[in-house]
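**Q** below are the sequence and a predicted model for it; my questions follow.
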Amino acid sequence: MSVFQLLNGMTFAALLFIVASGFTLIFGLLRIVNLAHGALYLLGGYIGLAVAQATGIYLLSGLAAMGGIALAGLVLDQTLLRWVKGYELRQVLLTLGVALVINDLTLVIWGGDTFSVPVPPELQGAASILGVTYPKFRLFVLAVGVATFLALWLMLNKTRLGALIRAGVDDAEMVEASGINIQRVFLLTFMLGAALAGLGGWLGGAFLTLYPSADSEILVFSMAVVIIGGRGSLVGAAVGSVLIGMLNTFGQVWFPELAYFVIFGPMAVLLAFRPLGLFGRAA
Amino acid sequence: MADNGVLEVRDLHSFYGAAHVLHGVTLNVRRGEVVGLLGRNGMGKTTLIRSIMGLSPPMVREGKVTWNGEDMTALKPHDIAQRKIAIVPQGRRLYSSLSVTEHLTMLKNARSKEGWTVDKIFGLFPRLAERRHHRGNQLSGGERGMLAVGRALMIDPELILMDEPSEGLAPVMVQHLEAIVASLKQMNIGVLLVEQNLYSALEVADRVYILETGRIVHEGTSAELQKTPDVLMRYLGVH
């Protein structure tokens, strides 16, 4: 195991965590398996790309990606998902449909070419770390991933909104009966989860590049992370991301023909023994 | 009627799907009054509590629930709670991922000094203060009951709906609970107390209703009920 591969695994894990943490928040609290999460990721990447090309201000492109996708989440929740509340199968089918529509829209607007979100000169090139020379941008993604984990952890564990979200995961009806408009908490959570998909798309747009099937690839990885980590668990998403990031990186190096099996084989074994994932709890 | 702190349930019909559970229930509770709602299992007691709180299911198809004269039948549970009606649900339903303190702080701005505060709840239940860092699922039966009452108090209620608070408690804890209900009455809070534990309910309630297959079949004061063994025998199976 070389340091270089280790860093590859950890930086990919950081990107996965950012996307999967949004997925697990929405899945845990709202019980919605949002199959449009990957499409929101891709759309976020394209929004970041467009804003970066138009303004040249990198930070602004990131904020635009997060804000734009949070807004897309608001529209999705209020216009479509509100009609299928409580019907899990309908939600899954609806969000799958939305994913297909968004994917086709991005194909119409940006075409089938591969794009990379331009990054500022400070994040280009390589830095020396742990005795190896490593791309700066990937280290930046790792830092953002760690910062995202810390910010989400503090929000969930140290703020009143976080307590409301966790209580909502445990027993939404009881929160509602205590005078809290849980629908508003749900909506905020949905927008936050979507914004994380946008953030992931913006970073992934330079890390993995943007192309029409990038959404389903990141979605499959995110689902694996959440299944391993357990629904609604932030720590589970972090641990699951590191596991998947490492398995994917080393799987590609050691068993390139079996890269997917290296991820989904262990996932299947884990599910056989812990059906709710490592940190999952029964609803 | 517009005087303050009156809950009126009038001719309420509630359904679980096609099942007609409540058949025209009528009752009232005033501020500072403890009203017992008795009846055997499956007679519709919890259905009535859920109907008053606006929780769904059940579906209220007919009749009205009014609070201080305002019709609440179409309101959402959080709107009803904001009108100062709190619930201590069956089984307590504490949050297993929240600490004791968080159960209380999540309901109010930490800087708010109005009405009930975390410190006042801990003053009322010193045991909870000792357990403040424990999670909802790490408490004993008695502590769970205290926390469920504390959580209800945090919305500064004028009426508390208590669904079988004595369920699963040791006799000494049931006595403690009776003292708590009596002190709520002293604070001019109305209590609708659903109980299967007849003697506990008669101890603290001013008036009682008996619910039998979704209908009120008896109403009167606790003292009267204690003197009518045939009613007790017939509807509650005790003598």
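**A** Received, thanks.

**Q** extract the CA atoms of stretch B:46-57 and return them as CSV.
**A** Extracted in CSV, the C-alpha atoms of stretch B:46-57 (Å, rounded to 0.1, in the frame of the first residue of the first chain):
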residue,chain,number,x,y,z
THR,B,46,-55.8,6.4,22.4
THR,B,47,-57.9,7.0,19.3
LEU,B,48,-59.6,9.9,21.1
ILE,B,49,-56.3,11.4,22.3
ARG,B,50,-54.9,11.2,18.8
SER,B,51,-58.0,12.7,17.4
ILE,B,52,-57.9,15.7,19.8
MET,B,53,-54.2,16.2,19.0
GLY,B,54,-54.8,16.2,15.3
LEU,B,55,-52.6,13.1,14.7
SER,B,56,-53.4,11.0,11.7
PRO,B,57,-54.5,8.2,11.6
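
**Q** now what about that stretch, what contacts it?
**A** Residues outside stretch B:46-57 that contact it (CB atoms under 8 Å, 6 or more residues apart in numbering or on different chains): A:173, A:176-177, B:7, B:9, B:12, B:14, B:16-17, B:21-22, B:25, B:37, B:58, B:60, B:65, B:72, B:75-77, B:79-81, B:85, B:87, B:89-90, B:161, B:163, B:192, B:194, B:211, B:214. The way it works is simple: take the backbone N, C-alpha and C, and place the C-beta from them, glycine included.

**Q** quick check, the residue in chain A closest to chain B?
**A** residue A:179 (3.4 Å; CB to the nearest CB).

**Q** what's that residue in contact with, if anything?
**A** B:78, B:81-82, B:107, B:155.

**Q** per-residue confidence at it?
**A** Residue A:179 is assigned a pLDDT of 96 by the prediction.

**Q** ok so, going back, which one of the contacts of residue A:179 is nearest chain A?
**A** Checking the contacts of residue A:179 against chain A by CB to the nearest CB gives residue B:81 as the nearest, at 3.4 Å.

**Q** flag every buried residue along the host helix or strand of the closest one.
**A** In this structure, residue B:81 sits in helix B:77-82 according to DSSP states H and E. Buried residues in helix B:77-82, counted by 16 or more other CB atoms under 10 Å in any protein chain shown: B:77-78, B:80-81.

**Q** likewise for stretch B:82-94?
**A** Buried-residue list, stretch B:82-94, by 16+ other CB under 10 Å: B:83-90, B:92-94.

**Q** any residue of that stretch up close to chain A?
**A** Yes. Shown here: stretch B:82-94 in contact with chain A (CB under 8 Å from any CB of the partner chain) through B:82, B:86-87, B:89, B:93.

**Q** which two in those are spaced the farthest apart?
**A** B:82 and B:93 (19.1 Å; CB to CB).

**Q** do a quick rundown of the strands in chain A.
**A** A:126-129, A:132-135 (DSSP state E).

**Q** residues making contact with the lowest-mean-pLDDT helix or strand in chain A?
**A** Taking mean pLDDT, DSSP states H and E as the measure, chain A has helix A:259-273 as its least confident helix or strand, at a mean of 86. Applying CB under 8 Å, 6+ apart, the external contacts of helix A:259-273 come out as A:221, A:224, A:227-228, A:243-244, A:247-248, A:250-252, A:254-255, A:277-278.

**Q** go with 7 Å
**A** Helix A:259-273 is contacted from outside by A:224, A:227-228, A:244, A:247-248, A:251-252, A:255, using CB atoms under 7 Å, 6 or more residues apart in numbering or on different chains.
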